[in-house]
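Novice: Sequence plus predicted model, see below.
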Amino acid sequence: MSSSWSSAVMTTLMEVATGEAHTVPSIHIAGAERAAQSGETFATIDPSSEKILAHVARGGAADVDAAATAAREALHGPWGRMSPQDRHAALMTLAAAIEGHAELLARLETLDCGKPLSASAGDVRGAVATLRYNAGAADKMHGISVPLGPDFVDFTELVPLGVTGHITPWNFPLGMAMRSLAPALAAGCTAVLKPAEQTPLTTLALADIARTAGIPPGVINVVTGLGEEAGAALTAHPLVSGITFTGSVETGRIVGAEAGRTLKSVVLELGGKNPMIVFADADLDRAVAAAIEGGFDNTGQVCSSSSRLIVERSIKDAFLERLVARAETLVTAPGVDDRDLGPLVSAEQHGKVMDHIAAARADGARTLTGGIRPPGLDKGYFVAPTVFDAVDPQSRIAREETFGPVVSAFAFDTEEEAIALANALPFGLNAGVMTRDIDRALACARDLEAGSVWINGWFIGGVQAPTGGIKDSGTGRERGLAGIMNYLTIKNIGIALQKRDTG
Ligand code: NAP
């Protein structure tokens, strides 16, 4: 787990990864680690064992102010003066440095949020790919010339938005941080990150790796802390020009409203309760595989999980029988054991998921499998993969995001009925269609109210494919070149030409 990039903070994080609880000097401003100005800390917990992993600085408004000021200085310092080619090279160096720390980052992620080690390793690879994709675009984004007629020259430049704030959730801590940080840096912006209180460790490691990889001080700053304190201060800070928030609808509304007060540009990547429609002509094995991946990957803690299975009545029982059989083969275990599912991230999330399960039963849903703590796992925030049938579309389990390994099945008889069920909620993140009929698939893709529609698979996409929600699932798009545009603003430059007598 050692590497040539190691520093004092990385050493501390490595010790955390090998089982000792430490106080991590965890606010990262202008290339240096420090404690919160208040001196306060909070604990981050290993959800597999319920033990304290580390004590982390509880940053507040004063720390956010220092971070935003450092980011502003870096914007007008070496980073702002760097050519796009040099920015590209700096980000490629950072990508290599992250790769050099892949094992440590994966282990920290697993300890902090519970996911199996190989899933964490995949997240690290995804973060590196995101950085490389965006680094490649650093010197390829440009303006246009605008035809105003013979008396003028008019053109646009794409200029960095400025200091950007990144507020991230706990389900893919490194992945979500990099999804917005990489395009912001590629665009020439500087950043202040506020990781979720449950999972700050890989974001801290990232900032330290960036420092040792030569990213200038102040370009990447991290303020650990609570949402209502550090997150709210970042959202309100006058030096911050844009906020990218990934999290719940409820908090997204607050962040959107607060950011509006200081007229920030805002990207909101929020929750979903995503429908997968399975038609009778679908390849059932593929549909079941997609439903298993979509429903239970990351223990169901995925904004784009396939939590609503809308299945044609004639095949519903056969589909559910295969789904339950597959779900019952999945092994739930501590993340370090690297099995199929880890625990939920926190006691609070465990309580919320168990509440949803109890509400589903009270509302008449039939438990086909799960709904319990897996036998033999007495410690840790574990819930077995759960499948409900006979779910009332008006019930809580049908309408609210559970964010756990819980899927609900609904029956339909006609395509119109399936689309109506799918579109019935205020969410609009992802939707999917399983059918061998391409005309029907594309008609459904047109009619489904979602930012992304997946046909005959789930989690289809990559760093090049834009993602984001409509309706209550958010506003703005990340990934792809659309993601970089969040961090660029258009400057128009017009020149009035001297009239010349050509006669
Ligand atoms: P959350 O409770 O909304 O928190 C998200 C982030 O916002 C955390 O860093 C949180 O800080 C911070 N926060 C809380 N209150 C705040 C405030 N008043 N001002 C500013 N920041 C504040 O969401 P979560 O429970 O961490 O994450 C799960 C949610 O994220 C789910 O709804 C999921 O669907 C969504 N999500 C969406 C996407 C997407 O791409 N659409 C991707 C991943 C997750 P603390 O944690 O420190 O309180």
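Specialist: Happy to help now that I have it. Numbers count the residues shown, from 1 in each chain.

Novice: Next, the contact list for the spatially most central residue of the chain, please.
Specialist: The centroid of the chain falls nearest to residue 176 when counting by Cα atoms, centre = their mean (3.4 Å). Taking Cβ atoms under 8 Å, 6 or more residues apart in numbering, we find residue 176 in contact with 168-169, 246, 269. Yep, even glycine has a C-beta here, placed from its N, CA and C like the rest.

Novice: for residue 366, same thing?
Specialist: Contacts of residue 366 (Cβ under 8 Å, 6+ apart): 388-390.

Novice: cutoff 6 Å now
Specialist: By Cβ atoms under 6 Å, 6 or more residues apart in numbering, residue 366 lies in contact with 389-390.

Novice: Quick check: it vs residue 332, distance?
Specialist: Per Cβ to Cβ, to the nearest Å, residue 366 is found 22 Å from residue 332.

Novice: Quickly find the element holding the residue nearest to the centre of the chain.
Specialist: Using DSSP states H and E, residue 176 sits within helix 173-186.

Novice: sorry, back to before: buried subset of the contacts of residue 176, written for PyMOL?
Specialist: Filtering the contacts of residue 176 down to the buried ones (16 or more other Cβ atoms under 10 Å) takes a single PyMOL command:
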select buried, resi 168+169+246+269
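
Novice: check the contacts of residue 176 against the ligand, which are close?
Specialist: Subset of the contacts of residue 176 in contact with the ligand: 168-169, 246, 269, counting by Cβ under 6 Å from any ligand atom.

Novice: Filter the residues you listed down to the ones in strands?
Specialist: Among these, the members found in strands (DSSP state E) are 246, 269.

Novice: Could you export the ones next to the ligand among the contacts of residue 176 as a markdown table, including pLDDT and distance to residue 412?
Specialist: A markdown table is the format used below for these (pLDDT from 0 to 100; distance: Cβ to Cβ, whole Å):
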| residue | pLDDT | distance to residue 412 |
| --- | --- | --- |
| 168 | 98 | 36 |
| 169 | 98 | 32 |
| 246 | 98 | 32 |
| 269 | 98 | 29 |
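
Novice: How about the residues of the protein by the ligand?
Specialist: 167-171, 176, 194, 196-197, 226-228, 231-232, 235, 246-248, 251, 254-255, 269-272, 303, 401, 403, 429, 469, 474.

Novice: Looking at those residues, which are in helices?
Specialist: Within the residues of the chain next to the ligand, residues falling in helices by DSSP state H are 176, 232, 235, 251, 254-255.

Novice: Which of those residues sits closest to residue 480?
Specialist: In terms of Cβ to Cβ, no member of those lies closer to residue 480 than residue 176, at 16.1 Å.

Novice: Distance-wise, check the closest one relative to residue 130.
Specialist: According to Cβ to Cβ, residue 176 and residue 130 sit 10 Å apart.

Novice: before we move on, what about residue 163?
Specialist: Distance, residue 163 to residue 130, by Cβ to Cβ: 21 Å.

Novice: go on, residue 270?
Specialist: Distance, residue 270 to residue 130, by Cβ to Cβ: 20 Å.

Novice: Return the per-residue confidence for residue 25.
Specialist: pLDDT for residue 25: 73.

Novice: backbone phi and psi for the residue nearest to it when sequence neighbours are not counted, please?
Specialist: Distances taken as Cβ to Cβ, 6 or more residues apart in numbering place residue 33 nearest to residue 25, at 3.9 Å, with adjacent residues excluded. With angles defined as degrees, to the nearest 10, residue 33 sits at phi -90, psi 140.

Novice: again, but for the one 5 residues further on
Specialist: The phi/psi pair for residue 38 (degrees, to the nearest 10) reads phi -80, psi -20.

Novice: No further questions, thank you.
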